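> Generate coordinates for the sequence data below:
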Amino acid sequence: MSDARPFCPPDTPPTWIRPRHFRITHVDLAVTVDVERQRVEGVIEHHVELLPHGEAKRTIELDQHDLTISAVAIGGTAAEFSVSDGRVAIAVPATTGSTFVLRVTFAAERPQKGMFFIAPDAALGRVAMAWTQGAMEDHSHWFPGYDSPNNLSTYRIAIKHRANLLAAANGERESRMELGDGWATTVFQQRKAHVLYLVNVAVGDFVAVDDASGPVPITHYVPRGHEAGALAMFRSTAFAIRWLGDFIGVPYVWSRYGHVVVHGFMWGGMENTTLTTITDRGLMDATIQEREDVDIDSLVVHELVHQWYGDLLTMKAWSDIWLNESFATYLEARGTAAWRASRSDGTEADVLALELWNNKQAYLEEDSGRYRRPLVTNRYADAYELFDRVAYEKGSLVLHHLCRLLGEERFRAALKLYTTRHAHDLVETADWRQAIEDVTGEPMDWFFAQWVHRAGHPNLKVAWRHDPARSQLIIDIEQTQAASDAEQVFHLRTEVAFLSGDDLRRETIELHRAKESIVLACATAPTWVVVDPQGDLPTEWQEEGGIDELVARLNDTRIGAYGRARAAVVLAKRHPTPALVAGLATAATDGQAELVRSEAITALGSVRGADARAALLALATSTTAPRLRRAVAKALASFRDDAQVAERLEALATTDSSQLTAGEFLAARGAIERPGATPVLRAWLKRDSWNQRLRAAVLRGLGASGEAPAIDDALGVLADDSQVDAVLGAAAAAAAQLGARNLPGRDRVRRAIERRLEHSSLAVRSSAARALGTLGDAQARNAVTQALDREPFGNVRRVYRDVLEQLGKAAAVITATAELGKRIDDLEKAKKATELRLEALEKRLGP
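You can find the predicted model right below:
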């Protein structure tokens, strides 16, 4: 089923929940954040309660990394402490009671993690700011605390900052006091408990924008100059708060909500209670949304889901991260579908099918290309590594399957019970399973065993035939992943839909064995048959069928978008007959479900041929939605060395109203490898666009072109510090592609990419490492190893290790090739020596 390697080496030890003999009930943090000096200092008071039956230790250990700790006191009296190995150990006097206040004075300068300082930069469009990111366990790099996710506290945060800046944090703002010396203090109070990693502090040149449309007060903090677009950018917020409360059956519990948009954020968003952090890559206004057909609606919904799953209920250990991320990703899909349907942008069912389809493709890409792991595992090198497509996308598919298996009403009842039962508490997977069993009365051990605690997924091979003599439809289904291992059989329940004459029928089926033959009464041979037409199962498919059957299924709107899109995937592998191309072209037109259109467009690119080319070129101008015109551009990229396509792509780039779509046409111009791409694309390289997405697309085109002169263009951009992270990443990738295909330039490409391993952005460092893997120059191993040794982020270290393995294989190939060459040389020499000896022998023997 998959050749993906294991998630971690077999000798990786398990990571267990951190033991503790105390709890911290409240945290009082008073800090001075000096954005200009990139320094934070202050005092933190932990309200500690010793557990009555906990281990009788008289030492409290808090986490700290590279902090200067100048004083510790308990109950106002100085306490002994020692600092070592990421902890500060504080001696608790024997006379101290079971509850006390632990006060620590600390300072940090330019911390590696936890708090990030951003200098103003006009070229990058940045204003001065400092912001924090606690997950996974990074706040202890700027203040000492219990930095594990198995403790809940309330918080009071007093932030001293420059008076010309604005401060934001979790909870309610209690006050802002001007200190009269160019400084001010802003105080926030979070009265509802949450784990430490959800603390959020931001100080910067922000503008606060209020949204009065929600059920609770909503405030968005955006960098100065972007306030006009804030309400458009976060347009889905109020809808999502209400929709999620209704769907879950538990209203939003926090006192307020909002976002703070920061520069240089490493993720899309972070769900800190009441104040979600959002990347500045999402900054946009209504004009950008309309022209470029982009939004962050799904991101807004995702982070809002976390206010329930992640914040109100928090996983007890990182091994159960799916309870945060899978829930957020699934309800993101559900909420996005409801949001778009409310705006008449597709039906709820069609949008949900699109969201889940994309989730499955993302998961399968990781499963087949990187590694495989179960949803729950406590064997990992770093918690950062668990935030992958298993935790997000696969988990969302498992939850959707569970919803379809239980039915909407029972699923939501279980969700409500789980949420109310564990509100403001820590959870583990067993709690979710127990809630389902308590609502339904059905044991769920089998479900959690195969979907949560087992890695992988089913791969179903389907074929059908009709027996007219017996008036039967026979559907043969094989679980190919279980061909050599019966333990890999999944127990599945879904439906089969088929069209017999004018009668559309649906039948529920269950699968329990590696091979099944489902027999259904059917007098007339079906026009088409589809197993799991709604996409209930997290599976891969191998399907058969004739072109007429598949085209009919593709364009039958009664099936649902998921089953139709799968027909397009099968058609993409067939010979392009006129009927096939016409069927795909029909499915790709305006008015069809977006998922069906997208897959039909992709299939036209796969089958190629003159008819498919003509259909795609027509769609390039007739398609209304820019995001689907971008799909057309990607499909046209498959027409290698096609002069007509090259000419049209160049023309389309100049006439399309969307800069992002123009960029995809240009990327396709490079990808078709028609000579002459470099001068065409070079002319676009300096044009600005939203998030510089046009420039990044042009670089993709240059990299795909394979043309040696493009190396200079890619390296020129790569060396330019005024470029945004995404452009630097695209430049590194393009240079690597070109260097791999043009060996004389490979050495300077390697050196240029290696320099970007020292970039301040982890996104750029990751991109540079992946580019070195693409380049395949084994000489890069030393630079990547050094980068691994100094890298503070676990997810980037994982990238480095993967690249080192890739480069090691490249080195092994080089070594084996050299050894083979040496053996050939030795054989040639031996052959020559033998020939000389024979010649000498013949001379001695004479005629």
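> So for stretch 527-543, what gets flagged as buried?
Neighbour counts over stretch 527-543 (16 or more other CB atoms under 10 Å) mark 527-541, 543 as buried. To be clear about C-beta, it is placed using only N, CA and C from the backbone, and glycine gets the same treatment.
> cool, stretch 88-97 as well?
Neighbour counts over stretch 88-97 (16+ other CB under 10 Å) mark Val88, Ile90, Val92, Thr96 as buried.
> Just the residues contacting it, thanks.
Residues outside stretch 88-97 that contact it (CB atoms under 8 Å, 6 or more residues apart in numbering): 58-64, 67, 69, 72, 74-75, 77, 79-83, 100, 102, 104, 144.
> and those, which of them are in strands?
Among the contacts of stretch 88-97, the residues falling in strands (DSSP state E) are 59-63, 69, 72, 74, 77, 81-83, 100, 102, 104.
> Can you select the buried ones from the residues you listed in ChimeraX?
Selecting the buried subset of these in ChimeraX, with 16+ other CB under 10 Å as the burial test, is done by:
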select :60,61,62,63,69,72,74,81,100,102,104
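> what's the most distant pair in the ones in strands among the contacts of stretch 88-97?
Within the ones in strands among the contacts of stretch 88-97, Asp63 and Thr77 form the most distant pair, 23.2 Å apart (CB to CB).
> Contacts only, for Leu537.
By CB under 8 Å, 6+ apart, Leu537 lies in contact with His401, Pro458, Leu460, Leu492, Thr494.
> Same list, these, but as JSON lines with distance to Ala514 please.
Converted to JSON lines, these look like this (distance: CB to CB, whole Å):
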{"residue": "His401", "distance to Ala514": "20"}
{"residue": "Pro458", "distance to Ala514": "10"}
{"residue": "Leu460", "distance to Ala514": "11"}
{"residue": "Leu492", "distance to Ala514": "12"}
{"residue": "Thr494", "distance to Ala514": "17"}
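> which one among those gets closest to Glu594?
Glu594 lies nearest to His401 out of the contacts of Leu537, by CB to CB, at 22.3 Å.
> What mean pLDDT does the helix or strand hosting that closest one get?
Secondary structure from DSSP states H and E places His401 in helix 395-406. For helix 395-406, mean pLDDT rounds to 99.
> Could I get the CA-only coordinates of it as CSV?
Taking Å, rounded to 0.1, in the frame of the first residue of the first chain, the C-alpha atoms of helix 395-406 are listed here in CSV:
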residue,chain,number,x,y,z
GLY,A,395,-7.7,12.8,11.5
SER,A,396,-10.4,15.0,9.8
LEU,A,397,-11.2,12.1,7.5
VAL,A,398,-11.5,9.7,10.4
LEU,A,399,-13.9,12.0,12.2
HIS,A,400,-16.0,12.5,9.1
HIS,A,401,-16.1,8.7,8.7
LEU,A,402,-17.2,8.5,12.3
CYS,A,403,-19.9,11.1,11.7
ARG,A,404,-21.3,9.2,8.8
LEU,A,405,-21.1,5.9,10.6
LEU,A,406,-22.9,7.2,13.7
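> What lies in contact with the next helix or strand along the chain from that helix?
Next helix or strand after helix 395-406 toward the C-terminus (DSSP H and E): helix 408-421. Residues from elsewhere that reach helix 408-421 (CB under 8 Å, 6+ apart): 247-250, 308, 312-313, 402-403, 406, 427, 431-432, 435-436, 438-440.
> What's the end-to-end length of stretch 775-785?
Using CA to CA, to the nearest Å, one end of stretch 775-785 lies 16 Å from the other.
> Other residues contacting that stretch?
Contacting residues not belonging to stretch 775-785 are listed as 735-736, 739-740, 746-747, 749-750, 753-754, 757, 769, 772, 800, 803-804, 806-808, 810-811, 814 [CB under 8 Å, 6+ apart].
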